[in-house]
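# what's the 3D shape of this:
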Amino acid sequence: MLKFLIVDDDEILRFSLRKILESRSYLVDEAQDGVEALSKVDTCIYDGIFLDVNMPNMGGLETLSRIKEKNSSTFCVMLTAYSNVEDALEAMKMGAYDYLEKPVTSQKLFSLIDDALSTTSMVKMAGYCAPKTELDFGGGRSMVGESEGIKRVFDLVYKLALVDSSVLIMGESGTGKELVARALHFSSARKRQPFVVVNCGAIPENLVESELFGHERGAFTGADKKKIGKFQYANGGTLFLDEIGDMPLLAQVKLLRVLQEGRFTPVGSNQEVSVDVRIIAATNKHLVKLVSQGLFRADLFYRLNVFPIILPPLRERVKDIKSLCHYLIDKFNMKEKHTKQPGGLTTGRIQDIDYLALKALESYSWPGNIRELENVVEHAFVLETGSQISLKSLPEHIRENFEKVVSEKNIQTLENIKDSSDKAYDTKSGIFTSFMDDGGGLDFISMKEQFEKSFLIEALRRYKGRINQIALSTNITKMTLLRKLDKYGLDPKEFYD
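Numbers count the residues shown, from 1 in each chain. As a prediction, the model looks like this:
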């Protein structure tokens, strides 16, 4: 269940907002100033925080800054009177999601919450979802991904959403470049303006200029009417230029001018057009090599490469494969019109992936990256008759690769480890049990994860879910503790008195 914090020195306004939020069955906490708010943020994780700009003891801007230092992904909304709109805009530059002018209506409040949760979820999912043409993210989904490469991507997305500079996204096919671009747009101040996608590699070379910049009637053979280009459609918003490495040199010249001056001339026209567009470009090609070959302009490359985002291939994100599989299982269950229970539990036909199947996926090199993984999970959905994706339901080439990696004896060892790891902890009591079986082999990674989860359950039970106490008593930093709780799906609220 979603939980929100209202921070305002006006008791009547807090009461009013609480009633509106509780009408949707949200959990609500209150604080009368920034000092009290920070104390609550130290002991509880909130899905959203509403902050008054002007408060005694500690104002809204300082409180916002402190909150963002603790958890940059929590969305914060500023509450402001008309005369303080400039302060609210300044807060947005500091990381606030948006602002609401008082008095606050339920319609405006719920609309903003829905947008914010969707955007926050999109940013969180950006690093591990396969590219697709439609986004259907709901609120409340936790960020997944423990690999260092993907955590750097998450961090860059959050930071670059606050600025308006051009961004170049680089990565192999299937790593999620378009989704990262969407996350950047819908997390930015341009989120209510158009997001326009152009696949530069799919447009015939002689039509690229017309597609991007438009043309006048009669500009060339077949131009029987005036056409508005993608830049004008994207005015005020974001233009995503996918496969930028395939753009012809002549079009690159015009693109460079738009980046430098914000102006261009449609094909066949003598009149310049001014636009305000953020450019996000993506490529799976080695642009530096194309520059050296004279196939890509060096000045355009340096203009686009101000803030590069490099998406790691799936083979460098092995520890994320389990979480990715769970996400895709949820996705395909929803396609089959199954539902999810509160807490993210899937009620669909397939609910998990078994141990050997997961090991097979983790041992594969994934030349097609996340797009290929999505196809593999879909393949398993067709063949699997049980409630878990098993080794036999995976494609033949995945199984053959796994057989090369481990012998029949090693597979039996893996089964023994799996059986013993199931007994490693008691989730209801939180009591530690034996991590070692009497026979078979030992797998350090598997045992380490079972120990971590059992340790965290015991700590949550002993300290009644109080994050600060756990961090202090166990010598775990707060950020690491929160990340581990998220990894193992543990909710501190379930251990409160």
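# Sketch out the low-pLDDT regions of the stretch 351-497 of the chain for me.
Residues of the stretch 351-497 of the chain meeting the criterion pLDDT under 70: 407-446, 497.
# Leu394 and Gly174, how far apart?
Computed as C-beta to C-beta, to the nearest Å, the Leu394 to Gly174 distance reads 18 Å. Just so you know, the C-beta spots here come from the backbone N, C-alpha and C atoms, and that holds for glycine as well.
# The helix or strand of the chain with the lowest mean pLDDT: what's the following helix or strand?
Sorted by mean pLDDT, DSSP states H and E, the helices and strands of the chain end with strand 345-346, the least confident at a mean of 42. Elements were assigned by DSSP states H and E; along the chain past strand 345-346, the next helix or strand is strand 352-353.
# Who does that following strand pair with, and is each partner parallel or antiparallel?
For strand 352-353, the paired strands and their directions (DSSP bridges) read strand 388-389 (parallel).
# any residues touching the partner strand, and which ones?
When contacts are taken as C-beta atoms under 8 Å, 6 or more residues apart in numbering, the neighbours of strand 388-389 outside the stretch itself are 325, 329, 350-354, 357, 377, 380-381.
# Among those residues, which one lies nearest to Phe402?
Taking C-beta to C-beta as the measure, Ala357 is the one of the contacts of strand 388-389 closest to Phe402, at 9.1 Å.
# what's the helix or strand the closest one falls within packed up against?
Take DSSP H and E as the rule and Ala357 turns out to sit in helix 355-362. Other elements packing on helix 355-362 under the criterion 3 or more C-beta pairs under 8 Å, 6 or more residues apart in numbering; DSSP states H and E are helix 321-335, helix 369-383, helix 396-405, helix 408-421.
# Which one of these lies nearest to His286?
helix 369-383 (16.9 Å).
# so what secondary structure elements neighbour the closest one?
helix 321-335, helix 355-362, strand 388-389.
# Show me what counts as buried in that helix.
Under the neighbour-count criterion of 16 or more other C-beta atoms under 10 Å, helix 369-383 has 369-374, 376-377, 379-381 buried.
# From Ser188, how far off is Gly95?
Gly95 is 12 Å from Ser188, by C-beta to C-beta.
# overlap in contacts of the two?
Common contacts of Gly95 and Ser188 (C-beta under 8 Å, 6+ apart): Leu162.
# Could you chop this protein up by domain?
As assigned by automatic domain parsing, the chain contains the domains 3-104, 142-312, 316-495.
# As CSV, those with distance to Phe110 would be great.
CSV is the format used below for those (distance: least, C-beta to C-beta, whole Å):
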stretch, distance to Phe110
domain 3-104, 7
domain 142-312, 16
domain 316-495, 19
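# which residues of this structure score low on pLDDT?
Judged against pLDDT under 70, the low-scoring parts of the chain cover residues 72-73, 82-86, 88-89, 93, 118-146, 336-348, 407-446, 497.
# got the angle for the helix holding Ala357 vs helix 369-383?
Relative orientation of helix 355-362 and helix 369-383, computed by axes from the mean of the first three to the mean of the last three C-alpha atoms, to 10 degrees: 150 degrees.
# How far off centre is helix 355-362?
Put simply, helix 355-362 sits 25 Å off its chain's centre (C-alpha atoms, centre = their mean, to the nearest Å).
# Now it - C-alpha only, CSV.
Included here for helix 355-362 are C-alpha records, laid out as CSV according to Å, rounded to 0.1, in the frame of the first residue of the first chain:
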residue,chain,number,x,y,z
TYR,A,355,17.0,-23.0,-10.0
LEU,A,356,18.4,-25.0,-12.9
ALA,A,357,16.6,-22.8,-15.5
LEU,A,358,18.0,-19.7,-13.9
LYS,A,359,21.5,-21.1,-13.9
ALA,A,360,21.1,-21.9,-17.6
LEU,A,361,20.1,-18.4,-18.3
GLU,A,362,22.9,-17.0,-16.3
